[in-house]
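Colleague: Compute the structure for the input listed below.
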Amino acid sequence: MTTPTTNPPLTAGGDRERARRLTVLSWLSFLGYLVWFPLMFAYGYWVTDLVGAYPSVDPGPAIEDLGAKGWLALLSMALLLPVPNWIGALLGGRSRGMGGGRWALAGLVANLVVGLALATLMLLNP
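Modeller: Take a look at the predicted model:
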C-alpha cells in the first residue's frame, strides 16, 4: 500500500518551468512595495481625511476614536497594505501545487508571515 503524495510529480518540462517562474515571482512580489507604499501612503491620507481624522492637523483625533467609521477605515488600510504579500502567497501556493518544491513553500510562508504581520501591526498599533 502506498501513501498519496501531496504534490504530484512534474511530468512535463513546461510544468517545471512554470512552477519555477511562479516561485521567482512569489519572491519578487516583495519588490512591489516600491510602488505600493507610496500608493498606500496617499490612500491613508485620503481615508483619514474622509473619516475626519485630518492627518495634517496636530495632533488631531486618532482614527480609532472615530467609532465604527474609523475602525472600518483602519481595517481597509490593514487589509490593503499587504496586497503584494497576498499576491506573492497566491503565486507561491500555485507553484507549490505544481510541484515547485521548497523554495515555493518558503515563498508562500514568507509572504504569509510578512502580510499577516503588517496587517496585525496596523490593527494593534493604529
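Colleague: mind showing which ranges of this protein have poor pLDDT?
Modeller: 1-14, 54-61, 64, 126 (pLDDT under 70).
Colleague: In it, what residue spans correspond to helices?
Modeller: For the chain, the helices defined by DSSP state H occupy 13-28, 33-50, 68-80, 83-97, 102-124.
Colleague: Would you mind finding the most buried of those helices?
Modeller: helix 83-97 (a mean of 21; mean count of other Cβ atoms under 10 Å). For every residue, glycine as well, the C-beta is placed using N, CA and C.
Colleague: So the residue lying closest to Gly115 once chain neighbours are set aside versus Ser26, what's the distance?
Modeller: Nearest residue to Gly115, sequence neighbours excluded (Cβ to Cβ, 6 or more residues apart in numbering): Asn85, at 3.1 Å. Remark: distance between Asn85 and Ser26 (Cβ to Cβ, to the nearest Å) = 10 Å.
Colleague: from what I can see Trp27 touches Asn85, true?
Modeller: No: using Cβ atoms under 8 Å, Trp27 is not in contact with Asn85, being 11.4 Å away.
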